[in-house]
Each structure stands twice: as C-alpha cells, then as structure tokens.
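**Student:** quick one, fold the following:
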Amino acid sequence: MTSAQSDLELEEKGTTAGSSYLAEGFTIWSWLSTRDHKRIALLYGVSITLFFFLGGIAAAIIRLELATPQGDLVSADTYNKLFTAHGVIMVWLFLIPSIPSVLGNFLMPLMIGARDLAFPRLNLASWYLYIAGGATILWALLAGGVDTGWTFYTPFSTMFSNSHVVLCLTGVLVVGFSSILTGLNFIVTVHTMRAPGMGWFRLPLFVWANYATSVILVLATPVLAMTLVLVAIERLFQVGIFDPALGGDPLLFQHLFWFYSHPAVYIMVLPAMGVASEIIPCFARRPVFGYRFMTYAILAIGVIGFLVWGHHMFVSGQSVYAGMVFSLLSFMVAVPSAIKVFNWTATLYKGRISFSAPMLYALGFVGLFTIGGLTGLFLAALALDVHLSDTYFVVAHFHYIMVGGSVMAYLGAIHFWWPKITGRMYSEAWGRLAAVIIFAGFNLTFFPQYLLGYAGMPRRYHSYPEEFQLLHVLSSAGAVTLAVGYLLPLGYLAWSLRYGRAAPPNPWQATGLEWQTASPPPVHNFAQPPVVVRGPYAYTP
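**Tutor:** Now for the predicted structure:
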C-alpha cells in the first residue's frame with residue numbers, strides 16, 4: 001500500500017470477504033475436520049495451553065520440594081520423574097510448537113496476503129500428529145513415569161532406567177513429525193503464495209523468523225528422530241550403539257542429540273524474535289531500524305546454530321581442540337543476536353512509545369533474553385563451563401532464554417493479535433498488571449538460581465545442604481508469583497470472549513497486511529489478493 005487511502009480500500013475489501021471464520025460451523029466436527037489455518041491455529045492454542053499448565057504443575061511440585069533441604073515431600077525417584085515430566089512437556093509439547101504452530105499458523109497467510117497455507121490437509125494432519133504424540137507422552141508419564149530427564153542421556157536411558165522410556169520416545173518422535181510437516185508447509189507457502197508485489201525484502205520479520213525456523217525444523221528434526229529410534233533399538237534389542245558395555249559410544253548420542261537440540265533453541269527463540277520485531281515498531285511508532293540487517297541476522301542465527309552443538313559437551317571428554325572450536329563458534333552466534341537487540345533498541349530511540357500490554361511483554365522479552373544470552377557467553381567459555389556445567393547456573397540460563405524469552409514473547413503475541421484472532425478487546429489494565437507480575441516473578445524465580453549454580457549447587461538433586469535453602473526459598477516464592485501471573489491472562493482473556501468490546505480491524509494502527517482485514521478475519525482472509533507496493537513497517541516517526 002502506498003497511502004492511507006489504499007490501506008482503507010484494502011480494509012474495506014477484507015471486511016466484505018465473507019463471514020468470520022469463527023462463524024463457519026459450530027459443531028465439534030466442524031472444528032475437528034477444518035482445513036482453515038486460523039481454526040487449526042486455535043486447536044493448537046487450546047492444546048498447547050493445556051500442556052503448558054500440566055508442565056507447570058510438575059514445576060510447582062518441584063519448587064515445593066526444594067523449599068526445604070531434606071527432600072521430604074517426594075522420594076528421589078519421584079523427583080526424577082517430576083523434572084523429566086516438566087522438561088518433556090514444556091520442551092516438546094509447548095516451547096517448540098507454541099509460536100510457530102499457534103501464531104505462525106494463524107498469521108503467516110494473512111501477513112503475506114494468501115488465502116491459506118499451501119497444504120491445508122497436511123496442516124490439519126500435523127495437529128492430529130501433535131495430539132497423538134502428546135497423548136503418548138502423557139500415557140508414558142502417567143503409567144509410571146520416565147526418570148531420564150528430557151535429554152534421555154545414554155547409557156542410562158538404554159540400559160539402566162526401569163521407566164517407560166520407549167513409550168515416551170515414541171511420543172516425542174510423533175510430535176517431531178508434526179513439526180516437520182508444519183515447517184514444510186510454511187516453507188512452501190512463503191515461496192509460492194506471497195501476494196503480488198511482496199518480494200523477499202517486503203516480508204514482515206515475523207514471517208522471516210518463522211521461515212528460518214521452518215528450515216531448521218525440516219533439516220534438524222530427522223536427526224532427532226533417527227537418534228530416538230536408535231535409543232529404542234538399543235533398549236529393546238541390546239544392539240551396541242551407545243552403551244560401551246555393548247561396544248557402543250555414549251558420546252555419539254550426545255553429538256546426535258545436541259546436533260538437533262541446539263538448533264531447537266532457535267526453533268523456540270527465532271519466532272519470539274519475530275514477535276518482538278512486530279510489536280516494538282508498532283508501539284514505538286517507528287520503522288524497524290536496519291530491516292535488512294535484521295533479516296540477515298535471522299538467517300545467520302539459523303545457519304550458525306547448526307555449528308555449535310558441541311558446547312553442551314565441554315566436560316564430556318571430547319577433544320580440547322574441538323572444545324576450542326565450539327567455544328569460538330558459540331561466541332560467534334551471539335553476534336547476530338546482539339545485532340537484533342541493538343536494532344530493537346535503536347527502533348525505540350526517539351519513538352512515541354506506548355506502554356500497552358503487548359509492548360510490556362515485548363520489552364520484558366528483550367530484557368530477559370539479553371540476560372540469558374549474556375550468561376550463555378559464560379557457559380561458552382571453556383574454563384568457566386567446567387565449574388558451571390550441570391549446576392543451577394545452566395538451569396537459570398536455559399529458563400531466561402526459553403521461558404523469559406519465548407514465553408514472554410508468546411504472551412506478547414497473544415495480547416497483540418488477540419483482537420484480530422477473536423474480534424474482542426481485553427482489559428488493558430489487567431494485561432499490564434499480568435506482564436509486570438510475570439516479569440517480577442520470573443526474575444525472583446530464576447535469578448537466585450544463577451547464584452546457586454555459581455556457589456556449586458548441582459541441578460536435579462531433591463535434597464541439598466542447608467546453606468542453599470534461602471536462595472531456594474526465594475526461587476520457590478518467585479514460582480508462586482509467576483504462577484499467579486500466568487493464571488491472570490487465562491482469566492481476563494477468557495472473560496473478554498464474552499464481555500470484551502468488539503475490536504476494530506486495526507486497533508493498534510499497525511501496518512501489516514493482517515490488520516487490513518476484518519477482526520476476526522473472514523474465511524478466505526481477503527476478498528481479493530492484495531497488491532503490495534511498500535515495506536511492512538511504514539510507521540511515521
């Protein structure tokens with residue numbers, strides 16, 4: 001669009017494109033058989049929310065246990081199963097699919113001016129695979145649990161664990177195929193279904209981020225699938241692959257697992273970066289600073305992320321020279337991330353900043369991600385990592401990136417696009433309050449864990465020396481605060497579905513194509529394919 005008039009014309013076309021996607025059938029079957037990318041996104045949203053709170057319940061029990069040093073709430077074996085349940089559910093069933101499967105599904109066709117994703121049936125099949133995999137994982141966790149941790153390290157997972165390892169691996173494997181199908185769908189959609197005039201450097205950064213994430217999903221997830229199959233084969237048939245007693249190599253598992261799982265960090269973080277890149281310019285009323293550098297940074301993160309898996313193995317016995325190379329590469333991957341933080345900051349400079357709820361979540365993401373990234377540099381240094389490996393420092397770093405980063409961005413995205421998704425506005429005051437509570441609760445929960453790790457407290461211990469109790473109590477108190485913060489949006493967003501005022505097509509005065517159609521969108525998004533003649537961030541400073 002070249003002017004406000006053309007934007008308005010497109011908006012009027014969108015509002016007359018047909019009835020809302022929410023009104024296209026009200027039966028359960030109309031939802032379970034839908035091929036509309038927007039409805040499939042909502043199916044993912046409901047499923048992911050359920051898994052998030054299940055994983056949160058496991059975390060709450062863990063923090064209750066750690067409030068006292070004696071380990072008097074649950075046994076050591078039960079504690080192992082609790083942190084495994086928390087990790088497996090949160091990583092495989094929430095963090096990896098959250099933003100791509102919910103927001104990506106809903107928004108990417110709208111953002112590029114398409115009627116739907118390239119393969120609507122495949123999109124629905126990916127949700128069914130996700131549900132099947134999630135149900136299998138829950139079956140394993142409820143039938144007796146798994147005690148290996150979410151990383152399934154060998155040879156414990158292949159030879160010594162008496163829990164339901166193979167069943168849990170099967171569930172993760174199925175969820176992985178769901179991710180592959182989603183990534184393939186996004187890649188083909190971006191390549192073949194962009195609106196006329198939408199060249200590569202007119203794509204919103206959210207689309208770029210999900211495109212790069214999709215490439216990682218398609219390339220890396222098969223490696224995880226093969227690795228999990230090998231673990232199951234060794235466990236079931238005693239074939240020597242990873243167990244040294246059978247002639248296997250346990251380090252081989254770590255190389256294969258982290259070759260997928262370090263890029264998986266960027267599967268969780270890149271979409272969050274895309275969310276921040278949409279929210280910050282909107283509420284600063286300024287174009288994104290250095291748009292092309294932002295896109296190159298996204299691609300660089302995706303590429304270099306494949307080269308740094310070995311920094312998880314500094315104390316595993318791998319070659320010192322390999323450790324030095326992986327350390328250097330780990331510092332290199334921080335450069336494009338730092339570029340993005342700098343560009344977000346420059347976008348805010350001299351902006352007319354509005355501290356609405358989505359903006360508070362986005363700023364919270366930037367702050368927490370920056371802390372997590374800086375402490376990641378500590379772990380990338382060989383000498384420091386020897387001291388900090390397998391301590392609570394690693395737990396804190398991981399959560400600052402994944403929870404402080406990805407979950408804050410996910411909540412920011414939900415608040416930002418909630419009027420578009422539902423056609424309803426929520427309480428802005430409650431939204432701001434929840435953002436502040438979550439930010440405060442998160443820091444109270446996880447910053448003490450940096451101090452615990454530096455002092456030598458190992459992770460995955462359900463009892464500990466008394467001198468660590470104060471920091472654990474602070475962390476548990478923060479977890480309670482964080483739980484309150486997470487429950488608040490569930491309440492006021494649900495309330496808005498019935499009592500919230502009707503949302504206009506563009507309540508934030510944003511410039512993306514998704515805001516130029518009705519709220520909620522019609523079934524086929526636009527009455528006519530839009531023609532794009534400018535970039536995505538045409539804000540006036």
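**Student:** secondary structure element holding residue 414?
**Tutor:** helix 408-422 (DSSP states H and E).
**Student:** after that helix comes which helix or strand?
**Tutor:** Assigned by DSSP H and E, the successor of helix 408-422 is helix 428-455.
**Student:** who does that following helix touch, helix- and strand-wise?
**Tutor:** Applying 3 or more CB pairs under 8 Å, 6 or more residues apart in numbering; DSSP states H and E, one finds that helix 428-455 contacts helix 357-380, helix 392-401, helix 408-422, helix 469-499. C-betas here are computed from N, CA, C, even on glycine.
**Student:** repeat that with 7 Å
**Tutor:** helix 357-380, helix 392-401, helix 469-499 (3 or more CB pairs under 7 Å, 6 or more residues apart in numbering; DSSP states H and E).
**Student:** report the buried residues of the first one.
**Tutor:** Applying a neighbour-count criterion of 16 or more other CB atoms under 10 Å, one finds 357-373, 375-376, 378-380 buried in helix 357-380.
**Student:** could you list the residues in contact with stretch 172-187?
**Tutor:** The contact list for stretch 172-187 (CB atoms under 7 Å, 6 or more residues apart in numbering) reads 92-93, 96-97, 100-101, 104, 108, 117-119, 122-123, 125-126, 129-130, 132-134, 136-137, 210-211, 214-215, 217-218, 221, 224-225, 228.
**Student:** dump the C-alpha coordinates for that stretch into PDB.
**Tutor:** Taking C-alpha atoms only, stretch 172-187 is exported to PDB below (Å, rounded to 0.1, in the frame of the first residue of the first chain):
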ATOM      1  CA  VAL A 172       8.400 -37.400  21.100                       C
ATOM      2  CA  LEU A 173       9.100 -39.000  17.700                       C
ATOM      3  CA  VAL A 174       5.500 -38.500  16.600                       C
ATOM      4  CA  VAL A 175       5.500 -34.800  17.800                       C
ATOM      5  CA  GLY A 176       8.700 -34.400  15.700                       C
ATOM      6  CA  PHE A 177       6.900 -35.500  12.600                       C
ATOM      7  CA  SER A 178       4.200 -32.900  13.300                       C
ATOM      8  CA  SER A 179       6.900 -30.200  13.500                       C
ATOM      9  CA  ILE A 180       8.400 -31.400  10.100                       C
ATOM     10  CA  LEU A 181       5.000 -31.100   8.400                       C
ATOM     11  CA  THR A 182       4.400 -27.700   9.800                       C
ATOM     12  CA  GLY A 183       7.800 -26.500   8.700                       C
ATOM     13  CA  LEU A 184       7.400 -27.900   5.200                       C
ATOM     14  CA  ASN A 185       4.000 -26.200   4.900                       C
ATOM     15  CA  PHE A 186       5.400 -22.800   5.900                       C
ATOM     16  CA  ILE A 187       8.400 -23.000   3.500                       C
END
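**Student:** show me how far that stretch is from its chain's centre.
**Tutor:** 14 Å (CA atoms, centre = their mean, to the nearest Å).
**Student:** equivalent analysis for stretch 250-259, please.
**Tutor:** 23 Å.
**Student:** so which bits of that stretch are buried?
**Tutor:** Counting neighbours by 16+ other CB under 10 Å, stretch 250-259 gives 250, 253-259 as buried.
**Student:** narrow the residues you listed to those in helices?
**Tutor:** Of the positions in these, 250, 253-259 sit in helices, assigned by DSSP state H.
**Student:** which one in those is the model shakiest on?
**Tutor:** Within these, pLDDT reaches its minimum at residue 250, with 91.
**Student:** what residues are up against that residue?
**Tutor:** By CB under 7 Å, 6+ apart, the neighbours of residue 250 are 154-155, 242, 244.
**Student:** distance check, it against residue 371.
**Tutor:** Separation of residue 250 from residue 371 (CB to CB, to the nearest Å) stands at 33 Å.
**Student:** only whichever of the contacts of stretch 172-187 are buried, select them in PyMOL.
**Tutor:** To isolate the buried members of those in PyMOL, using 16+ other CB under 10 Å:
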select buried, resi 92+93+96+97+100+101+104+108+117+118+119+123+125+126+129+130+132+133+134+136+137+210+211+214+215+217+218+221+224+225+228
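**Student:** for residue 280, see how far away the closest residue to residue 416 other than its chain neighbours is.
**Tutor:** Spatial nearest neighbour of residue 416, chain neighbours left out: residue 358 (3.8 Å); criterion: CB to CB, 6 or more residues apart in numbering. Plainly put, residue 358 is 10 Å away from residue 280 if you go by CB to CB.
**Student:** before we move on, what about residue 139?
**Tutor:** Counting by CB to CB, the gap from residue 139 to residue 280 is 42 Å.
**Student:** how about residue 190, nearest residue that isn't a chain neighbour?
**Tutor:** Closest residue in space to residue 190, ignoring its immediate chain neighbours: residue 211 at 5.1 Å, by CB to CB, 6+ apart.
**Student:** where does the one you found sit: helix, strand or coil?
**Tutor:** helix (DSSP: H, G, I helix; E, B strand; the rest coil).
**Student:** and the pLDDT for it?
**Tutor:** The predicted local confidence for residue 211 is 97.
**Student:** coming back round to it: quick one, what contacts the residue nearest to residue 416?
**Tutor:** By CB under 7 Å, 6+ apart, the contact set of residue 358 is 279, 283, 412, 415-416.
**Student:** and with 6 Å instead?
**Tutor:** Counting by CB atoms under 6 Å, 6 or more residues apart in numbering, residue 358 touches 279, 412, 415-416.
**Student:** ok, it to residue 337 distance?
**Tutor:** Separation of residue 358 from residue 337 (CB to CB): 22 Å.
**Student:** what helices or strands is the helix or strand that contains residue 138 leaning on?
**Tutor:** Here residue 138, judged by DSSP H and E, is contained in helix 120-142. With contacts taken as 3 or more CB pairs under 6 Å, 6 or more residues apart in numbering; DSSP states H and E, helix 120-142 sits against helix 37-65, helix 165-192.
**Student:** recalculate using a threshold of 10 Å.
**Tutor:** Where contact means 3 or more CB pairs under 10 Å, 6 or more residues apart in numbering; DSSP states H and E, helix 120-142 is packed against helix 28-32, helix 37-65, helix 76-88, helix 105-112, helix 165-192.
**Student:** pLDDT below threshold where in the protein?
**Tutor:** Low-confidence segments of the chain (pLDDT under 70): 1-18, 541.
**Student:** gap between residue 183 and residue 499?
**Tutor:** Distance of residue 183 to residue 499, given as CB to CB: 38 Å.
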